[in-house]
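In: prediction below, plus the sequence it came from.
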Amino acid sequence: MKPIKTDTGFMLDYLELSIWSFISHPEKVRVSVKDGILVVECDIPFIGGIKASKPKRFTAAWLKKLEAIHISKWKSSYEPRDIVCDGTQWELEYKVIGKRCRHISGSNACPDNWDELIELIGELTPAFSDCRREDIAVEE
């Protein structure tokens, strides 16, 4: 079982993203690579669990786009300067083969290139289509 590498040697083990608000159930997606195939597992409120896979040629291109987002450079936590009692919370667990797992979270704030991640996840599932940066009160 040889993992797929990008030109720079980037190899994703898995990525898990959960997003929820004060009044909603969390939307979750897990992306992993098994035998060179991208495996996508979603848990969407009121729909349930969905599992799908993408072919190797799609996987290599998708991983290259993911690497370009540079999640490894994100801070571990994003929060606005002012206290907000509700809004949008999110958690990201991100593991590259040969590296330690990163746990990144946010409450009403996100990294500058957040929409790039949401758009990339959108290639796999429409679950987070309403979770763009403009939908989250971002820190300034």
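Out: Perfect, I can see it now. In this text, all values refer to a predicted model and were calculated from it rather than measured experimentally.

In: tell me which residue is most central in this protein.
Out: Central residue of the chain (C-alpha atoms, centre = their mean): L17, 4.4 Å from the mean position.

In: parallel or antiparallel, list what pairs with the helix or strand where that one lies.
Out: Taking DSSP states H and E as the criterion, L17 maps to strand 12-21. Neighbouring strands of strand 12-21 in its sheet, by DSSP bridges, are strand 27-34 (antiparallel), strand 88-96 (antiparallel).

In: contact partners of it?
Out: 3, 26-33, 63, 66, 71, 86-97, 117, 121, 128, 131 (C-beta atoms under 8 Å, 6 or more residues apart in numbering). Any C-beta I mention is one placed from the backbone N, CA and C, and that applies to glycine too.

In: what subset of these is buried?
Out: Buried subset of the contacts of strand 12-21 (neighbour count, 16 or more other C-beta atoms under 10 Å): 3, 27-33, 63, 66, 71, 88-92, 94-96, 117, 121, 128, 131.

In: could you look up the SS state of the residue nearest to L120 when sequence neighbours are not counted?
Out: Once flanking residues are discounted, L120 sits nearest to K65: 5.5 Å by C-beta to C-beta, 6 or more residues apart in numbering. Per DSSP: H, G, I helix; E, B strand; the rest coil, the local secondary structure of K65 is helix.
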